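Chemist: Using only what follows, build the 3D model:
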Amino acid sequence: MDRKTIFAFALIILVFLLLPYYYRLISPPKAPSDSTRQGLPENVADSARGAPTQTTPEAVSSAPRDTLSVPSPGDFSLEAKPRDVVVETPLYHMTFSTRGAVLTGCLLKSYAGQSDGKVQMIRPGSTENLNLVLYRAGNPLNLKDVRFSSDQQEISVASGDQGSITLAAETSSGGRIEKRLVFYGDSYRFDMQLQAQGISDLDPYYELYWGSGLAITEADTAQDIYYSKAYAFMGGELEKFDAKGDRTMGGGAEGETQWVAQRGKYFEVALLPRSKPASGAIFGIEAQPLLGRYRPKVFSTALRMKGVLTESDDAFAVYCGPIDQKLLTQVHPKLETTMNWGWTVIEPFSKLILWTLKGLRTFIPNYGVVLIVFSVLVKVVLWPLTQKSTKSMSRMAAIQPKLKELQEKYKANPEKLNKAMMQLYKDEGVNPFSGCWPMLLQMPLLYGLFIVFRSTIELRRAPFMLWIRDLSMPDVVAQLPFQIPMYGSQVAILPILMGVTQLLMSRIMITDPKQKLTVYFMPIFMVLIFNSLPSGLNLYYALFNLWTYLQQMMLKKQGLIASVSPSGK
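Modeler: Residues are numbered from 1 along each chain as shown. This next block holds a predicted model:
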């Protein structure tokens, strides 16, 4: 490939990385019509609008949620001194409060959190996770401050077993509401059954909320906030809600709803109706103060259920755990759509890469070694294509004198020049684009690896060796006191090693003395771009370049690559 082609591919890679931000800038989603508000109760409809596939702050009203801001306990007693109800399994340590029977803690035992602790999914002070809001004559009966009693204060569920607790609240007139929770020793999912008796004049709808967002679990706060979003699966389509945490707003949409969910970078909670689909979903976000340089996103999501709770019990499933494809699909086949697989064209590559890496991981205990094996496998698959393209490039180099003759002969007639060049390529059996195929095939693979290493739980905090302690993050060894454009302020080793292998490969593949600048431009450009990317991606790319360099050396010995150096010697 000549200098212009190399430069073009450098620009393509840059566009590939920046395209999502460009689309977000020029094509924000349109706000839905007010028709989706029909059927919501008046106090919710005033602040609700239909949620589009990508809901933005402009697509919902700026009014705060009324539903959870006005406590109306009716005849229920308020809880002044809440007590904790503890659930212990091999996977998590959960805490429920007798005030509102809400979930106030979910510590995941298998995942390291910040400050050498375990991951805590629940934000401090949360009071609205699994909160129940009933309605009477259109007025909310918010149970988040109501006193509940528990039949057990603590249960321990072993692997393979199940256990349950019942949290109940009673009215002064003998009415009763129960939350029966069933836990499984080997699952992040638990079940909940709602029952109500002796409470009159309830409206034929109610709401189940996850209203306090999720805790930030990662040291890289910016990345955790970036991936934080809320979802609803409605009418067979995924509806997404995302907004900055600088103002409070709420919205909702009607339609058959299979589940609502919230996620951070690696962990997710989902509410799924089991006895019947929900009739709608409600989204919200609450304004938050800056946390250092960034502002957290504290979402609220709710299932809107039809029916009078005193007339029939309703069952739900709750998932509170890692964003793991297998675990999510076990809860609901479409829950994995909340995972980030990249663009539609990239998704098959991302899934295939993750499947392959997990398969290799069953035999190889270290993901760094898995990457070495994976890079070898990819090189073996692409070997014939690379060899064919190298031979074609060698033939292209051989016909350069003839091309120059044609360019001189037809320099005043571009049309005849193009026809003459095409005829020359045909006569010599040369495809001028064949040398680019390995790079083109690598691009979706490279982007798929970027997605997998940056956002899948399997690679979170996966160590390799020496200074490479987390393959999902850059292998930073030092911080500069200043910013370098495109590079940043952090110094990582693997991008530099990748640049060295790129230089070695360029020196042996680019033999035209006029392209000397290209030999050094591409490695420097790649180091700048890849410095902030996951170390696993840089490790793979450095290894793939190394295998390609060794292949080119072998082909050079076979006489398939010219021995002229870029310096012309």
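Chemist: okay but residue 190 is in contact with residue 180, surely?
Modeler: No - under the criterion of C-beta atoms under 8 Å, residue 190 makes no contact with residue 180, lying 10.7 Å away. For every residue, glycine as well, the C-beta is placed using N, CA and C.
Chemist: shaky segments in this structure?
Modeler: 1-74, 116, 389-394, 397, 428-429, 431-439, 441, 508-519, 559-569 (pLDDT under 70).
Chemist: rerun that using 50 as the cut-off
Modeler: Flagging of the chain using pLDDT under 50 yields the residue ranges 1-2, 4-5, 8, 19-72, 563-569.
Chemist: Do a quick rundown of the helices in it.
Modeler: Along the chain, the segments classed as helices by DSSP state H run 3-26, 42-45, 221-227, 325-331, 347-361, 367-398, 400-409, 414-428, 437-455, 493-509, 516-530, 535-557.
Chemist: Okay, residue 344 and residue 91: tell me how far apart.
Modeler: Separation of residue 344 from residue 91 (C-beta to C-beta, to the nearest Å) stands at 33 Å.
Chemist: neighbour-wise, which of these two wins?
Modeler: residue 91 (22 against 7; other C-beta atoms under 10 Å).
Chemist: so what's the more buried one up against?
Modeler: 108, 109, 110, 185, 186, 187, 188, 321 (C-beta atoms under 8 Å, 6 or more residues apart in numbering).
Chemist: Residue 324 versus that one, what's the distance?
Modeler: Computed as C-beta to C-beta, the residue 91 to residue 324 distance reads 12 Å.
Chemist: Report how many residues lie close to the residue nearest to residue 289 when sequence neighbours are not counted.
Modeler: Once flanking residues are discounted, residue 289 sits nearest to residue 295: 7.3 Å by C-beta to C-beta, 6 or more residues apart in numbering. By other C-beta under 10 Å, 15 other residues sit near residue 295.
Chemist: go on, residue 110?
Modeler: Using other C-beta under 10 Å, the number of residues around residue 110 comes to 12.
Chemist: Against residue 324, how distant is it?
Modeler: Taken as C-beta to C-beta, the span from residue 110 to residue 324 is 11 Å.
Chemist: what do you get for residue 360?
Modeler: 17 Å.
Chemist: nearest spatial neighbour of residue 351, skipping sequence neighbours?
Modeler: Spatial nearest neighbour of residue 351, excluding adjacent residues (C-beta to C-beta, 6+ apart): residue 341 at 6.4 Å.
Chemist: I should have written residue 193 there, sorry.
Modeler: Counting by C-beta to C-beta, 6+ apart, the residue nearest residue 193 is residue 180, at 4.5 Å.
Chemist: in terms of contact, does the one you found touch residue 152 like I think?
Modeler: No - judged on C-beta under 8 Å, residue 180 makes no contact with residue 152 at a distance of 11.7 Å.
Chemist: shared neighbours, these two?
Modeler: Shared contacts of residue 180 and residue 152, counting by C-beta under 8 Å, 6+ apart, come down to residue 165.
Chemist: ok, the two, which is more surrounded?
Modeler: Per other C-beta under 10 Å, whichever of residue 180 and residue 152 has more neighbours is residue 180, with 17 against 13.
Chemist: who's that one bridged to?
Modeler: residue 166, residue 193 (DSSP bridges).
Chemist: coming back round to it: rebuild the contacts of residue 91 as TSV, extending it with distance to residue 445.
Modeler: Formatted as TSV, the contacts of residue 91 follow (distance: C-beta to C-beta, whole Å):
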residue	distance to residue 445
108	32
109	35
110	30
185	39
186	35
187	34
188	31
321	29
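Chemist: In strands, which of those appear?
Modeler: If you go by DSSP state E, the contacts of residue 91 have 108, 109, 110, 321 in strands.
Chemist: how close does the spatially closest residue to residue 94 that is not a sequence neighbour get to residue 227?
Modeler: Of all residues not flanking residue 94 in the chain, residue 87 sits nearest, at 4.3 Å (C-beta to C-beta, 6+ apart). Applying C-beta to C-beta, the value for residue 87 to residue 227 is 27 Å.
Chemist: which ones are touching residue 365?
Modeler: For residue 365, counting by C-beta under 8 Å, 6+ apart, there are no contacting residues.
Chemist: measure it to residue 318 for me?
Modeler: To residue 318, residue 365 is 33 Å away according to C-beta to C-beta.
Chemist: ok, now residue 218?
Modeler: Taken as C-beta to C-beta, the span from residue 218 to residue 318 is 23 Å.
Chemist: Just give the nearest non-adjacent residue to residue 198, would you?
Modeler: Counting by C-beta to C-beta, 6+ apart, the residue nearest residue 198 is residue 175, at 3.8 Å.
Chemist: Measure how buried that neighbour is and give me the count.
Modeler: 18.
Chemist: Settle this for me: it is touching residue 196, isn't it.
Modeler: Yes - in this structure, residue 175 is within contact of residue 196 by C-beta under 8 Å, at 7.4 Å.
Chemist: what about stretch 258-269, how long is it end to end?
Modeler: 14 Å (C-alpha to C-alpha, to the nearest Å).
Chemist: That one: how far from the chain's middle?
Modeler: 10 Å (C-alpha atoms, centre = their mean, to the nearest Å).
Chemist: Would you check that residue 286 makes contact with residue 295?
Modeler: No - contact criterion C-beta under 8 Å: residue 286 and residue 295 do not qualify, at 11.1 Å.
Chemist: so what sits against both of the two?
Modeler: Both residue 286 and residue 295 are in contact with residue 245, where contact means C-beta under 8 Å, 6+ apart.
Chemist: filter the ones in strands among the contacts of residue 91 to the buried ones?
Modeler: Using 16 or more other C-beta atoms under 10 Å as the burial test, those include 108, 321 as buried.
Chemist: With respect to residue 80, which of the ones in strands among the contacts of residue 91 is nearest?
Modeler: Nearest to residue 80 among these, counting by C-beta to C-beta, is residue 108 at 31.1 Å.
Chemist: do you know how far that closest one is from residue 318?
Modeler: Taken as C-beta to C-beta, the span from residue 108 to residue 318 is 14 Å.
Chemist: Can you verify my assumption that residue 406 contacts residue 417?
Modeler: Yes - applying C-beta under 8 Å as the test, residue 406 and residue 417 come out as touching, 6.2 Å apart.
Chemist: contacting residues around the residue of the chain positioned farthest from its centre?
Modeler: For the chain, the residue at maximal distance from the C-alpha centroid (C-alpha atoms, centre = their mean) is residue 409, at 56.0 Å. Shown in contact with residue 409 (C-beta under 8 Å, 6+ apart): residue 420.
Chemist: what's residue 101 sitting at in phi/psi?
Modeler: phi 50, psi 40 (degrees, to the nearest 10).
Chemist: Tell me how many other residues surround it.
Modeler: Residue 101 has 29 neighbouring residues, counting by other C-beta under 10 Å.
Chemist: most residues in a single strand of this structure, which one?
Modeler: Under DSSP E, the chain gives strand 249-263 as its longest strand.
Chemist: Can you name every helix or strand that that strand contacts?
Modeler: Counting contacts by 3 or more C-beta pairs under 8 Å, 6 or more residues apart in numbering; DSSP states H and E, strand 249-263 packs against strand 229-234, strand 267-273, strand 278-286, strand 298-306.
Chemist: in it, what counts as buried?
Modeler: Neighbour counts over strand 249-263 (16+ other C-beta under 10 Å) mark 249-255, 257-263 as buried.
Chemist: ok and it relative to strand 278-286, angle-wise?
Modeler: Put simply, strand 249-263 runs at 100 degrees to strand 278-286, going by axes from the mean of the first three to the mean of the last three C-alpha atoms, to 10 degrees.
Chemist: what's the angle from strand 249-263 to strand 267-273?
Modeler: Angle of strand 249-263 versus strand 267-273, following the same axes, to 10 degrees, is 110 degrees.
Chemist: Distance from strand 249-263 to the middle of the chain?
Modeler: The answer for strand 249-263 is 19 Å, by C-alpha atoms, centre = their mean.
Chemist: Then stretch 211-219?
Modeler: 15 Å.
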